[in-house]
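Novice: how would this look folded up:
(2 chains)
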Amino acid sequence: MRKVRWHKLKVYNTLSGDKQTLDLNPEVSMYVCGPTTYNYIHLGNARPLVVFDTVRRYLEYKGFKVKYIQNFTDVDDKIIQRANELGQDPLELSNFYIEQYFADADKLGIIRADVHPRVSEHIEDIIVAIKTLIDKGYAYELNGDVYYRVKAFAEYGKLSGRSLDDMLAGARVEVDMRKEEAADFALWKSAKPGEPYWESPWSKGRPGWHIECSVMSTRYLGDTVDIHGGGSDLIFPHHENEIAQAEAITGKPFVRYWMHNGFITVNKEKMSKSLGNFFILRDILDRFPADVVRYYLVATHYRSPLDFDDGKLEEAGRALNRLKTTLILAEEFKAGGGAEVESAGGKGLELEEKINGLRKNFIEAMDDDFNTARAIGYLFEMSHQLNIFIADAAREDKQNQEAIRRTGKIFYELGSVLGIFTAPAVDSDSVSEKLLPIFGQLRNQARQEKNYALADDLRNWLSSQGIAMEDQQEDSRFRYDHLPEPNVLIEKLLALRAEFKKNKVYIQADFIRDSLQERGIIIEDTREGVRFKIVEK
RNA sequence: GGGCGGGUGGCGAAGAGGCUAACGCUGUGGUCUGCAAAAUCACCAUUCACCGGUUCAAAUCCGGUCCCGCCCUCCA
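Specialist: Residues are numbered from 1 along each chain as shown, chains lettered A, B, ... in the order given. You can find the predicted model right below:
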């Protein structure tokens, strides 16, 4: 296989404790620890999803082919406990939350992994791995349980940077005295009555937590994986144990680059299930657009802590809006004119040069340990340059349009690498969306007639519905995250029509009626009042 | 106690020996607008927790002090 060296791409490797130049083949393997599925995921769980999705997108942008694996822990004490409380089957419960997980992850624009392996589907592989560990002297059985013999693995502690002695000395856990060493951890646990189990040479039981990732990672990605990611709280013991297991079995390095993201905090305290200070992602997504949440997560470097509160998301929304406005402005600038010119000229060339320079900066930032925070800074500078050009340049000029087409594309692509331009557009076929131009035309008529009371009323009312109306030369631009139900808009239009009729402004009244009719909304004047129905078109 | 990371303007956040300390939010004033919004222009840290030191040069390196978070237990 061709060996490509990317001298520039650096990553902070937890294992070495410093930034290293990534030395990767054209095909990169990534394994990211996924959730234990006994609940909806919270915002803290969402950070690694977005972080490593962004790493993946960037590697792909650079031309690597990424094989991406993310597991689900669907066999676990917590799941069993929760299932018992609810009187449900543990695997069914887990299955439900896996589906919910995908719904959330999709909203955030997380690209699906090539494989999402589950523990329950790899019990056989796990049993084989445990057998091997016992055979090699790295594990021992104890009344149906199997433990990993930490002392047998000389390099134990190399990831988390601690020595076995320290751990034994400072152990705060209740120690099972049967174990050879306090630090030995379970590979196989025998089932208590009522617990789900699988047959094994040692007992009816289930795997310990750590073995699954060692097994599934090597199963899908080979003995050595390029990048293994997860939250920093997994460094010890989870990832430390993964190394001990996998390397004891294969005799090869398990992972080349370990990446760990920092935590989301609330009032500077780690957001965690045990502290109870967590926010369910779904609840947040009900209140804020998904692209805003993603922007918020990616606007800070992945290893830094990130504090959460609503104000931070509101700020993220305003900031992202600035970027998205440029997208809109560029689209409007190009509108009408086809790109029939080969090159941009004059000022357009200058713009291209600036944008290309900023693109280079963006790439340098991302090459330096995926510094999305700095990269976003360059995105804002691009946005600024584009806005200036759009404000000054003649939009009939084909060369100018070509310049915007090219530079706008770069801007859009880079934003997409971060995943912040990927929010699904509001359904453009929706009835509500089709109704908006009627408001636009009414407002413009009013403005032309200098009927500012009406013009302002229209804008204010829409604003109260969460729709911003921004005037341009001839028409108005609408901006919104959600649209109200069609009925709400229709009622408003009918109220306006009634007002027009009262004032005997029949042209306007009829304009509303006709416009609605064109969109498949029939209105009927009856003695009791106005009725309307929406007919499918 | 051991290990890791951090303290930068009103807020958030980059920068890790040498350009005016990015960028965003907020705020102020101007342009544009019927008024707005959006856009745009200008302004907003002589200073980077504190004290010493190295250096021609330090927010960035070294030593010390004070704070804060995280891991060492299930956790992303």
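
Novice: what residue ranges in the stretch 51-200 of chain A are flagged as low confidence?
Specialist: The stretch 51-200 of chain A contains residues with pLDDT under 70 at A:166-177.

Novice: That one: strands as residue ranges?
Specialist: For the stretch 51-200 of chain A, the strands defined by DSSP state E, counting those that start in this stretch cover A:65-70, A:139-142, A:145-148, A:185-190.

Novice: out of these, nearest to RNA strand B?
Specialist: Checking those against RNA strand B by C-beta to the nearest atom of the strand gives strand A:185-190 as the closest, at 7.1 Å. Placement of C-beta: from N, CA and C, glycine included.

Novice: Now tell me what touches that closest one from outside.
Specialist: When contacts are defined by C-beta atoms under 8 Å, 6 or more residues apart in numbering, strand A:185-190 is touched by residues A:127, A:130, A:133, A:139, A:143-148, A:150, A:197, A:200, A:202-208, A:210-211, A:237, A:241, A:245.

Novice: Now find how far off-centre it is within its chain.
Specialist: 34 Å (C-alpha atoms, centre = their mean, to the nearest Å).

Novice: got it, and stretch A:117-128?
Specialist: Distance of stretch A:117-128 from the chain centroid (C-alpha atoms, centre = their mean) equals 28 Å.

Novice: How about stretch A:298-310?
Specialist: The answer for stretch A:298-310 is 13 Å, by C-alpha atoms, centre = their mean.

Novice: now stretch A:518-528
Specialist: With C-alpha atoms, centre = their mean as the basis, stretch A:518-528 stands 44 Å off its chain's centre.

Novice: Pull the number of nearby residues for whichever residue of the stretch 201-350 of chain A sits closest to RNA strand B.
Specialist: For the stretch 201-350 of chain A and RNA strand B, the shortest gap (C-beta to the nearest atom of the strand) falls at A:Gly231, measuring 1.5 Å. Using other C-beta atoms under 10 Å, A:Gly231 is surrounded by 18 other residues.

Novice: can you check A:Phe278 too?
Specialist: 20.

Novice: Repeat that for A:Leu164.
Specialist: A:Leu164 has 16 neighbours, counted by other C-beta under 10 Å.

Novice: Report the contact partners of it.
Specialist: So A:Leu164 contacts A:150-151, A:156-157, A:181, A:183 (C-beta under 8 Å, 6+ apart).

Novice: With neighbour count and distance to RNA strand B as extra columns, can I get these in TSV?
Specialist: Output for these, formatted as TSV (neighbours: other C-beta atoms under 10 Å; distance: C-beta to the nearest atom of the strand, whole Å):
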residue	neighbour count	distance to RNA strand B
A:Val150	23	12
A:Lys151	14	16
A:Tyr156	23	12
A:Gly157	20	9
A:Glu181	17	12
A:Ala183	22	7
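
Novice: Looking at the residues you listed, which is nearest A:Thr326?
Specialist: Of all these, A:Thr326 sits closest to A:Gly157, with 49.5 Å by C-beta to C-beta.

Novice: Tell me if I'm right that the closest one and A:Ser163 touch.
Specialist: Yes. Counting by C-beta atoms under 8 Å, A:Gly157 touches A:Ser163, with 5.6 Å between them.

Novice: hmm, back to that, return the members of the contacts of strand A:185-190 classed as buried.
Specialist: A:127, A:130, A:133, A:139, A:145-148, A:150, A:200, A:202-203, A:205-208, A:210-211, A:237, A:241, A:245 (16 or more other C-beta atoms under 10 Å).

Novice: Per the annotation, how does chain A divide into domains?
Specialist: If you go by automatic domain parsing, the domain ranges for chain A are A:10-287, A:308-418, A:431-534.

Novice: Please name whichever of the ones you listed is nearest to A:Tyr295.
Specialist: domain A:308-418 (4.4 Å).

Novice: Can you give me the first-to-last residue distance of the closest one?
Specialist: 20 Å (C-alpha to C-alpha, to the nearest Å).

Novice: now it: mean pLDDT?
Specialist: The pLDDT scores in domain A:308-418 average 92.

Novice: That one and RNA strand B in contact?
Specialist: Yes. Interface with RNA strand B: domain A:308-418 contributes A:312, A:315, A:318-319, A:321-322, A:325, A:329, A:368, A:371, A:373-374, A:376-377, A:380-381, A:383-384, A:387-388, A:390-391 (C-beta under 7 Å from any atom of the strand).

Novice: just stretch A:449-469 next, same as before
Specialist: Yes. Under the criterion of C-beta under 7 Å from any atom of the strand, RNA strand B is reached by stretch A:449-469 at A:452, A:455-456, A:459, A:468-469.

Novice: who touches that stretch?
Specialist: By C-beta under 8 Å, 6+ apart, the list of residues contacting stretch A:449-469 from outside reads A:436, A:439-440, A:442-443, A:446-447, A:476-484, A:488-489, A:492.

Novice: Next: stretch A:518-529.
Specialist: Outside of stretch A:518-529, the residues within contact range by C-beta under 8 Å, 6+ apart are A:431, A:434-435, A:438, A:486, A:490, A:494, A:513, A:516-517, A:530-537.

Novice: Tell me how confident the model is about that stretch, as a mean pLDDT.
Specialist: For stretch A:518-529, mean pLDDT rounds to 84.

Novice: Export the domains of chain A to TSV and append columns for distance to A:Tyr295.
Specialist: What follows is the domains of chain A, written out as TSV (distance: least, C-beta to C-beta, whole Å):
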stretch	distance to A:Tyr295
domain A:10-287	10
domain A:308-418	4
domain A:431-534	13
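
Novice: Setting aside sequence neighbours, what's the nearest residue to A:Pro207?
Specialist: In space, and not counting its chain neighbours, A:Pro207 is closest to A:Ile126: 4.7 Å by C-beta to C-beta, 6 or more residues apart in numbering.

Novice: Check the offset of stretch A:240-250 from the chain's centre.
Specialist: Here stretch A:240-250 is found 30 Å from its chain centre; the criterion is C-alpha atoms, centre = their mean.

Novice: Okay, buried residues for that stretch please.
Specialist: For stretch A:240-250, the buried set under the neighbour-count rule, 16+ other C-beta under 10 Å, comprises A:240-249.

Novice: Please consider this matter closed, and thank you.
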